Structures are given as C-alpha cells and as structure tokens.
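**Student:** Sequence isn't available, so here's the structure alone:
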C-alpha cells in the first residue's frame, strides 16, 4: 500500500465504512482510491446491473459487493451515489428503509441543485452532503476506473443548508484523502460554473461530431482520416456516456440554455467578422484565448506537453 | 541516424537540395525530419524574422540558413513555403527572381485554392505542387518542431492542373520518406474537407474560450480551476497561432461559413431538444457520436489511451 497522497499516512479516517452505489468509471475509481489510500476503511459496493456487480467481484474492487441496495447500506457510515443524475431519486429511494440514521449521504453528480432536491425528497431527515469531483475520462464502466483519477483535480462540495458542519468536514476530508483539492460552493452557483466549464463543451462537442457525420459531399472516411487537424479533439468528449449526459442537460437546463445563448451570440459575431473580412477582430480574439490556456497549465489543470501528451512516435 | 520510417534506408532521394521558407513549428519539423530520415539531402532554411534565423542556426536545424530569400533558393530542387496562407503570395514573390527553372515549389498551408492562386500568380511558369500535412501541435516557433511530427499522419497533395506527373511523384515520395501517408485531392475538395475536420473545430474552440472568459457571474479563476470537466480540451487548439488561423478563416471563407451554418442549425436543434425535455433525441445523438471516436482510434488517428494519454499520476 502506498501512503495517502497528502503524505500523512496517519490521518484519522473520515469514515470507517463506505458504501458506493453505482460502480461505473467514477464509483469504481472511488473504490480503488479508498482501498489504496485509506487501507483501514471497509468498502461495500452495489450496482443495479448484476453484470457490473460480477465484474466488481472479479476485479476485487470492494471488500464486499452487496446483492441489494438495502444490504449495501446496512452498516454504512458514508453512502455515495455514483449513478446518472436522473437516476439519483430512484437510487436513494431504494436505500431509504435500510439507511442508518447517522450515515452521511453524498453523490458525484455533475449538477447539484436537482440532485439536492432528489436526495432530500427520497431521504427526508438524512444528512446530505453532495459533491462533484471534476474528473473523469471518456470511458465508462467498472473496468475503466483507476485510483489516481481524483489526484490534483478539484472536488466541489455543495452541502444542503441544514447539513451539520461536522458531516461537511468529514466529506471534505474524505476527498482530500483520496487526492482531490476541495472547494465548497452553493449548488446554484456550482451549476452555473459547470454549465460553462463542462456542460457547454460537451454539448458543442456532441454537436460538431454529429454535424461532421451528416455531410453529403465530405465522406465519413475523410472526416476520420483527416481528424488530426483538430476534429479528433472533440470526439473524445463526444464519446462520453450518453445516459449520464442526457440527464445532465435535462437537469441543468436553465444554466445550459443560458450559456448556449451566449456562445451562439459570440459565434455569430465571429461568423460576421469572417464574412466581412475583419481580420483584426479575429486576430484579437485568437490572441486573447491563448492566455487562458497558459493559466490552465500554470495551475496544473492540464498536461503541459504538446498535444496533451499524445504519443508522437 | 535512424533508418527512414518506411523501413527502406536505400530509397532514392526525391530531392537532393531542399529549401524551407518559414522556420516555425511546421518548417522546423520538416527540417528536422529531412535531416533525420534523408541524411543525403541538403537543407537550406530561411525565415523573414532574423531572430528565428538565429534560433535555427543555434539549433542546427538546417545545413545552412540563408540571409535572403534569393540566396535560400539559389540552387534549390525543392522549395517549401511554411508561412501563414495570407503571406504565401509575398513570400513567393520574394524568391521569384532567384528560383531555378526546374525547381518544384510547394507549401504546407491549411487551405489550398487560395494558395494555388497566390503561388501561380507570383511564380508564373513554375512547377507548383502544393501540399498540406494534417499534423501540428498548439505550439508555435522553431523550437516547437520535432522530426516525428508527420509520422502516421496524412499529407494531402493538391497539384496544380498543369503540374508534371514526375514532379507530383517526387513530392509524394518526399512526404512518404519523412513518415506521412499521402493522398492527392483537388484543391476545392480539400478546402471543403478541412473546413469540417480542422477549420470549424478551431473556430468553435476559439469561440467557447472567448465566451467563457467574458462571463460576469463565473470568474475566470473558476473557469480555470474547473476546466478538467471538458473545457480544457478546447483551450489547446484555441492556443494555436493567431496569424495562421486568421489567414485560414479569411482564405477559406466560403467553405467555413457553409460548415458553420450547418453546425448552427444542428446546435439549434439540440437547444430545442433540451428546452422541451426530449431526452430520446439527445440520447440518440450521443450514442451515434461514440462510433466516430471508435473509427478514429481504429485508424490510428488518435491516442487510444484515456484522456489522450494525459498524465494521471
């Protein structure tokens, strides 16, 4: 076992018994991270799909894989829902009867207002401290996870207004111990911020990949062959899980539509600059956008090697 | 010296004396590749910027760095312009007087109709075989180049109608010997294909990075911190060279505006699906887009490791 990423192997465990509901990319990465960085904690897993449960057993992702949601939470101190945001209400309802009164309930959903509502409605009286680790890859499923997924990535904790301060600190400590940097935020503000840093980029990537595959005069084979000119960058996030992303757009509708409106206005302005040959306007914007990339690299939020570190053998 | 990437170190050289005009990312990568894979060829370089010429000398990028464009082409068999497409005409005019009659002239511009016109006008009677290596990184300048940049990438050769077949074969062989796969294409069709695989993606990336940096309620620091949710993928290509890209959009105006129109229609359709809660439409598109990513990976046009192979320490 390696020491905890913070460098202090002797930190007290925020939770001794952790239950993960949903063992896809994020859930299975949390399971791996807990077992690696918090060797004293016991991890119980559950997934509604029996095939995923079988994979979890085969890979020894957890100390135990339960056959029912009720059994999964029976002695839990911390329950994390790692399911698409549209499935949170139902998943929470399925453990309501078995949830210990003092357990802290959390999730990893990409939008938070709707999730706070769904969890609160399904689990009245429960201690609810939602969170969103801003990390992931384009791959899905229990086999895609890895323990270091959250290291040096941000995790945003969005406590319900009545959540006890101690429960919030334990959730913060949990994420810190598996390597994340943690920030707390109002759910509403979270949803506005992520609409621009995550939801709008995914929407645009899905759109352009769709546009490119529907052309008559340029063949799909040409699109694929010459994708290294820039297009391939968009195909990565357009390969993300369809159910997860459908739910995100429907659940964060207002913020997504607002950001999309701003984007469309800016795109129209550029379109007009191209049509009228206003090279200076193009040049000014293209110079300004370089600065943002520099800041992202300076803050360690992306790989500084050219081309994201892609292989150039 | 390593053998040529094709595995046959004894291939005849397509050109014995190669002149590269413009020693930025692409020009300096060609220089490095020729010296590595065609050790028998002599490379002469020139750049309009004296500081870039100094760097080229310091890095020994070429066998010789000329002080004037005329001196650079004096005994050239092959001249490649590696300058922004808007600067092609002027660069070609600057060598017109000194160009040997049998030299083959080429370039690496990202759009071809306008470049064929500019080169033909500046160099009447010259043998012109334009090309476009679909390869690059977000970095610019002579220090960013590397010899393997073109390996397993496509290079599209778009000969002028009156170009002799032998000259075309030599240009094709040149690119193959530095590792590229080569396709020939009509300039007009090239410009339509690249409008969708390269120009539109860059335009959209520049736009969204601009939109994100102009918000009032979400701070720039938040955009940077939480960029791993997807946004950072767009910032890479939005950090590309501003002069090069301004020129591309102005030179390939018609095709870019047409592709942009299609993209905007598709985006409006998705916007409507979100507004009216049509989850099935979203899910269908998001499933379809996964297939394109798979094909790109199958054809070796992107890194198959998650997250483009970014470091996840």
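**Tutor:** Nice, thanks for sending it over. On a predicted model such as this, the values are computed, not experimentally measured, just so you know.
**Student:** Residue A:72 and chain B, how far apart?
**Tutor:** To chain B, residue A:72 is 28 Å away according to C-beta to the nearest C-beta, to the nearest Å. For the C-beta atoms, the positions are set from N, CA and C on the backbone; glycine is no exception.
**Student:** now do residue A:237
**Tutor:** For residue A:237 relative to chain B (C-beta to the nearest C-beta), the value is 5 Å.
**Student:** And residue A:159, by the same measure?
**Tutor:** With C-beta to the nearest C-beta as the criterion, residue A:159 and chain B are 18 Å apart.
**Student:** Wait, a strand at that residue?
**Tutor:** No. Counting by DSSP: H, G, I helix; E, B strand; the rest coil, residue A:159 is not found in a strand; it is coil.
**Student:** Could you chop chain A up by domain?
**Tutor:** A:17-185, A:190-304 (automatic domain parsing).
**Student:** Could you dump those domains into JSON lines and include distance to residue B:261, mean pLDDT and mean neighbour count?
**Tutor:** Below are the domains of chain A laid out as JSON lines (distance: least, C-beta to C-beta, whole Å; pLDDT from 0 to 100; neighbours: other C-beta atoms under 10 Å in any protein chain shown):
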{"stretch": "domain A:17-185", "distance to residue B:261": "28", "mean pLDDT": "97", "mean neighbour count": "20"}
{"stretch": "domain A:190-304", "distance to residue B:261": "8", "mean pLDDT": "95", "mean neighbour count": "21"}
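**Student:** Save the ones you listed as JSON lines, and put in distance to residue B:292 too.
**Tutor:** JSON lines is the format used below for the domains of chain A (distance: least, C-beta to C-beta, whole Å):
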{"stretch": "domain A:17-185", "distance to residue B:292": "12"}
{"stretch": "domain A:190-304", "distance to residue B:292": "5"}
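**Student:** right, and residue A:23 touches residue A:56 too?
**Tutor:** Yes. The criterion here is C-beta atoms under 8 Å, and residue A:23 meets it with residue A:56 at 5.0 Å.
**Student:** Common neighbours of these two, please.
**Tutor:** A:31, A:45, A:47, A:62, A:142 (C-beta atoms under 8 Å, 6 or more residues apart in numbering or on different chains).
**Student:** Mind checking which of those residues land in strands?
**Tutor:** residue A:45 (DSSP state E).
**Student:** Let's have the shared contacts of residue A:23 and residue A:56 in JSON lines, adding distance to chain B.
**Tutor:** Compiled in JSON lines, those are given as follows (distance: C-beta to the nearest C-beta, whole Å):
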{"residue": "A:31", "distance to chain B": "16"}
{"residue": "A:45", "distance to chain B": "21"}
{"residue": "A:47", "distance to chain B": "20"}
{"residue": "A:62", "distance to chain B": "21"}
{"residue": "A:142", "distance to chain B": "14"}
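**Student:** List just the nearest of the shared contacts of residue A:23 and residue A:56 to residue A:165.
**Tutor:** residue A:31 (27.3 Å; C-beta to C-beta).
**Student:** For chain B, see how far away the closest residue to the closest one other than its chain neighbours is.
**Tutor:** Excluding the flanking residues, the one nearest residue A:31 by C-beta to C-beta, 6 or more residues apart in numbering or on different chains is residue A:61, at 4.5 Å. Here residue A:61 is placed at a distance of 18 Å from chain B (C-beta to the nearest C-beta).
**Student:** Residue A:61 against residue A:44, yeah?
**Tutor:** No. In this structure, residue A:61 is not within contact of residue A:44 by C-beta under 8 Å, at 10.6 Å.
**Student:** Was I right to think residue A:128 contacts residue A:168?
**Tutor:** No. Applying C-beta under 8 Å, one finds residue A:128 not in contact with residue A:168, separated by 10.4 Å.
**Student:** Nice, that's everything, thank you.
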